[in-house]
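**Q** need coordinates for the below:
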Amino acid sequence: MKLGLALGYWGAGPPPGTVEKVDAAEDLGFDSMWTAEAYGSDAFTPLSWLGSRTTRMRLGTSVVQMSARTPTATAMAAMTLDHLSGGRMVLGIGASGPQVVEGWYGQPYPRPLARTREYVRVLRDTIAREKVGSDGPHYPIPYPGGTGLGKPLRSTLHPYRTDLPILLAAEGPKNVALAAEIADGWQPLFYAPRHDAHYRESLDAGFAARGGRPDGFEVVCMVQVVVDDVVEAAADRIRPFLALYIGGMGAKGANFHYEVFARMGYDDECARIQELYLGGDKDAAAKAVPTSMVEQVALIGPKAKIAEELPVFRDSLVTTMVVDGSPEQLRTVRELVDG
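**A** Below is the predicted model of the structure:
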């Protein structure tokens, strides 16, 4: 199992200590680093800026919002960064949810599966330096009903490699199956290795539709690791994050993160967390997150406990475990993973 560095997206501004984290991860032999975006900082700019300090780590997005850019614009950015990094770019994309897509990007959300399939097809054609044309309803190229002067174009930029990896962020069963069918990897969020039977079924269905599992298919997953002699204290550092996603990252009845934990058997707990969070009591929502829920998706507690639980992730679907922390914490994770 490889290690990746989670850089995520920013809050009010660039988080302090990021440069030190990147330098430490490179020195510690981490395989990759990953940026994200929602409705603030973008994914490509920090990845380029911080990636310029590295010579070995792969540079990944976790994830680029599809609705933020046309597929050709996303392909341009990925191809450019692949050249600048000497072939280290990994493009992770995701459909996001209706609140962000419609409320921030001003784009329609319906039919995310069909949109994703069409988006990836255009990405592949652009990166392969084909003449790009699409008659799909979501990303028609050339644009119909315009001046009539548009025509299919081929990228002036020759790709550093035509097989630049495309990973798909997915949580629902149909989206996971789509990742296995059309992408080079899957990026889960809140993956619980003890409750992954439905993920395995979805991946198998996608691979069957594809005609078999491709070599090198990746599963890149963020796993929070908090070392603390007191388990509850470690859990307390993660509870607000889970409460935010279960309670606030999506509307009632349309929250994919909520559904992930509900499928683990925490339906009642999720309902309570969401009720408190949407009611404005974020502290109570965090306190309502049970420790057992945290332990399904994170590694928390004393070093000995984490070392004992690590094989569950090592033997799971995960090929790259993406972690965050200070340089000292990254070093500790490296030591734990190495055994």
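**Q** pick out the residue nearest the middle of the protein.
**A** residue 62 (3.6 Å; Cα atoms, centre = their mean).
**Q** please name the nearest non-neighbouring residue to that residue.
**A** Spatial nearest neighbour of residue 62, chain neighbours left out: residue 34 (3.9 Å); criterion: Cβ to Cβ, 6 or more residues apart in numbering. The C-beta positions use only the backbone N, C-alpha and C, and glycine is treated the same way.
**Q** any idea how far that neighbour lies from residue 64?
**A** 11 Å (Cβ to Cβ, to the nearest Å).
**Q** looking at the two, which is more packed in?
**A** Neighbours were counted for residue 34 and for residue 64 using other Cβ atoms under 10 Å; residue 34 has more, 27 against 24.
**Q** would you say the more buried one is within a strand?
**A** Yes: Residue 34 forms part of a strand when assessed by DSSP: H, G, I helix; E, B strand; the rest coil.
**Q** retrieve the pLDDT associated with it.
**A** Here, the pLDDT recorded for residue 34 equals 98.
**Q** any idea what the residue nearest to residue 62 is bridged to?
**A** Following DSSP bridges, residue 34 is listed with bridge partners residue 6, residue 60.
**Q** can you count the residues close to residue 200?
**A** 12.
**Q** nearest residue to it in space, ignoring adjacent ones along the chain?
**A** Nearest non-adjacent residue to residue 200 (Cβ to Cβ, 6+ apart): residue 317, at 7.0 Å.
**Q** just residue 24 next, same as before
**A** residue 327 (3.6 Å).
**Q** and for residue 53, the neighbour number?
**A** With other Cβ under 10 Å as criterion, residue 53 counts 12.
**Q** ok, now the one 10 residues further on?
**A** Counted with other Cβ under 10 Å, the burial measure for residue 63 works out to 24 neighbours.
**Q** tell me the pLDDT at the closest residue to it other than its chain neighbours?
**A** Nearest residue to residue 63 in three dimensions, chain neighbours excluded: residue 94, at 3.8 Å (Cβ to Cβ, 6+ apart). pLDDT for residue 94: 97.
**Q** re the thing from before, contacting residues around the residue nearest to residue 200?
**A** 191, 193, 196, 199, 200, 203, 219 (Cβ atoms under 8 Å, 6 or more residues apart in numbering).
**Q** buried ones among these?
**A** 191, 193, 196, 199, 203, 219 (16 or more other Cβ atoms under 10 Å).
**Q** residues in contact with the fifth one?
**A** With contacts taken as Cβ under 8 Å, 6+ apart, residue 203 has the following neighbours: 176, 177, 179, 180, 186, 317.
**Q** ok, the fifth one - contacts?
**A** Contacts were defined as Cβ under 8 Å, 6+ apart; by that measure residue 186 touches 167, 168, 169, 170, 176, 179, 180, 203, 217, 218, 219, 220.
**Q** can you give me the distance of the residue nearest to residue 62 to residue 285?
**A** From residue 34 to residue 285 the distance is 27 Å (Cβ to Cβ).
**Q** ok, residue 18 next?
**A** Residue 18 is 28 Å from residue 285, by Cβ to Cβ.
**Q** more neighbours: those two, which one.
**A** When neighbours are counted by other Cβ under 10 Å, residue 285 comes out ahead of the other of residue 18 and residue 285, with 25 against 16.
**Q** hmm, that one is touching residue 270, no?
**A** No: using Cβ atoms under 8 Å, residue 285 is not in contact with residue 270, being 10.5 Å away.
**Q** neighbours around residue 197, how many?
**A** Residue 197, neighbours per other Cβ under 10 Å, totals 8.
**Q** how about residue 194?
**A** 11.
**Q** can you confirm residue 300 is in a helix?
**A** No: Residue 300 is assigned strand when assessed by three-state DSSP, not a helix.
**Q** which ones are touching it?
**A** Residue 300 touches 224, 225, 226, 228, 231, 234, 235, 238, 294, 306, counting by Cβ under 8 Å, 6+ apart.
**Q** kindly reformat the contacts of residue 203 as TSV containing secondary structure.
**A** Converted to TSV, these look like this (three-state DSSP):
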residue	secondary structure
176	helix
177	helix
179	helix
180	helix
186	strand
317	coil
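**Q** the longest helix along the chain packs against which elements?
**A** In the chain, taking DSSP state H as the definition, the longest helix is helix 112-127. Contacts defined by 3 or more Cβ pairs under 8 Å, 6 or more residues apart in numbering; DSSP states H and E place helix 112-127 against helix 71-84, strand 89-94, strand 166-169, helix 173-182.
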